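Participant: Take a look and give me a structure for this.
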Amino acid sequence: SRIRRVMRVHLRKHTGEEPPTFPCHLCPAVFNHDCDLKRHLRSHIGERPYSCTHCTSSFTQRCHLKVHLRTHTGERPYSCVYCPASFTSKYTLTTHLRGHTGERPFSCVHCGSTFMKKYNLKMHISRCPALKES
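Facilitator: Numbering: from 1, shown residues only. As a prediction, this is how the structure comes out:
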């Protein structure tokens, strides 16, 4: 079960046992569980088994379809505590909240620049001036 699997991973932190790894043979990604690798492989082969019944959108993961369906129903269950904004996903709320709090949890190991979104860090690293100097 999922709980047993999570517990096994948690216990490894205390025993020092290295978790098994499942590397993707198409890119550098590595996963701790075979099911995560299988889900990831869908992005390479273009498999999108979860389809919206209201439009032509389809998704690699059921949870992404669930969030998408809220665009059709208007449901926005995640509300900001600082302003009237509400969101269809917890992720979008979390990134929005950083605008209020100033939290910048993603930092460049090469120059120390910090970012609110992981994507912005990735874009920065691709053109980081400190990398070009070394």
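Participant: pLDDT averaged over stretch 34-49 - what is it?
Facilitator: Across stretch 34-49, pLDDT averages out at 92.
Participant: buried ones in it?
Facilitator: By neighbour count with 16 or more other CB atoms under 10 Å, stretch 34-49 contains the buried residues 37, 40-41. C-betas here are computed from N, CA, C, even on glycine.
Participant: wait, which of these is closest to residue 6?
Facilitator: Among the buried residues of stretch 34-49, residue 37 lies closest to residue 6 (CB to CB), at 17.0 Å.
Participant: Now do that closest one against residue 103, distance only.
Facilitator: Computed as CB to CB, to the nearest Å, the residue 37 to residue 103 distance reads 31 Å.
Participant: before we move on, back to that, pipe the buried residues of stretch 34-49 into a markdown table and attach secondary structure per row.
Facilitator: Putting those into a markdown table (DSSP: H, G, I helix; E, B strand; the rest coil) gives the following:
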| residue | secondary structure |
| --- | --- |
| 37 | helix |
| 40 | helix |
| 41 | helix |
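Participant: now, which of these sits nearest residue 63?
Facilitator: residue 40 (14.3 Å).
Participant: is it true that that closest one touches residue 32?
Facilitator: No. Using CB atoms under 8 Å, residue 40 is not in contact with residue 32, being 11.8 Å away.
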